[in-house]
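S.K.: Structure, please.
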Amino acid sequence: MIIWDDSMATGVPEIDGQHIELIERYNAFAETLNTHQFMTLEAGELLDFLQFYAVWHFEREEECFDKYECPIAAANKEAHAEFIHKFGHFYEQWQTQGMNPELMRQTFAELGIWIANHIRRIDTELYPCYATHARQ
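M.R.: Take a look at the predicted model:
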């Protein structure tokens, strides 16, 4: 489970709201996994949401990094591309092999590490860039 706190804030309300939504869905994924409901339609819907929401969110976030001239915009895009590749591989496995407990646990672990680390280490770098532009 991931708990949203100020250490994850980017300062951009739209992006922070999207991160909160992503974390809420991730936590719903955790509940599904913890109740052993990973074979249900609900689990599949959560995975579909995470797959497509991530891509949609990344596009908006990258626009902000560019708009606010954040120096790590390229690193952010690269991290997003790596995530899409990795999560796409998991997603393909679910589609071809079906959902199984091990794949779900592996996906959950990788996703949690990525979300928390990426938001705290990269996305928060948007904060000073956004603040600078907001003052101008």
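S.K.: Spatially central, which residue of the chain would that be?
M.R.: By CA atoms, centre = their mean, the mean C-alpha position of the chain lies nearest to Ile115, the distance being 4.9 Å.
S.K.: Remind me what the longest helix anywhere in the chain packs against, helices and strands.
M.R.: The residue-count maximum for a helix in the chain (DSSP state H) belongs to helix 41-67. Here helix 41-67 touches helix 13-34, helix 73-97, helix 101-121, helix 126-135, going by 3 or more CB pairs under 8 Å, 6 or more residues apart in numbering; DSSP states H and E. (C-beta placed from N, C-alpha, C; glycine too.)
S.K.: what is the mean pLDDT for it?
M.R.: Rounded to a whole number, the mean pLDDT of helix 41-67 is 86.
S.K.: Could you check how far it is from the centre of its chain?
M.R.: With CA atoms, centre = their mean, to the nearest Å as the basis, helix 41-67 stands 7 Å off its chain's centre.
S.K.: just stretch 20-33 next, same as before
M.R.: So, by CA atoms, centre = their mean, the centroid of stretch 20-33 is 11 Å from its chain's centroid.
S.K.: ditto for stretch 7-15
M.R.: Using CA atoms, centre = their mean, the offset of stretch 7-15 from its chain centre is 13 Å.
S.K.: picking up where we left off before, give the contact list for the residue nearest to the centre of the chain.
M.R.: 2, 22-23, 26 (CB atoms under 8 Å, 6 or more residues apart in numbering).
S.K.: Mind telling me the two of those residues farthest from one another?
M.R.: In the contacts of Ile115, two members sit farther apart than any others by CB to CB. They are Ile2 and Leu22, at 9.1 Å.
S.K.: More neighbours: the two, which one.
M.R.: Neighbour count, other CB atoms under 10 Å: between Ile2 and Leu22, Leu22 has more, with 20 against 17.
S.K.: excluding its backbone neighbours, what's nearest Ala28?
M.R.: Excluding its sequence neighbours, the residue lying closest to Ala28 (CB to CB, 6 or more residues apart in numbering) is Leu46, at 5.9 Å.
S.K.: so who does Ala9 touch?
M.R.: The contact partners of Ala9, by CB under 8 Å, 6+ apart, come to 16, 124, 127.
S.K.: Sweet, I'm off.
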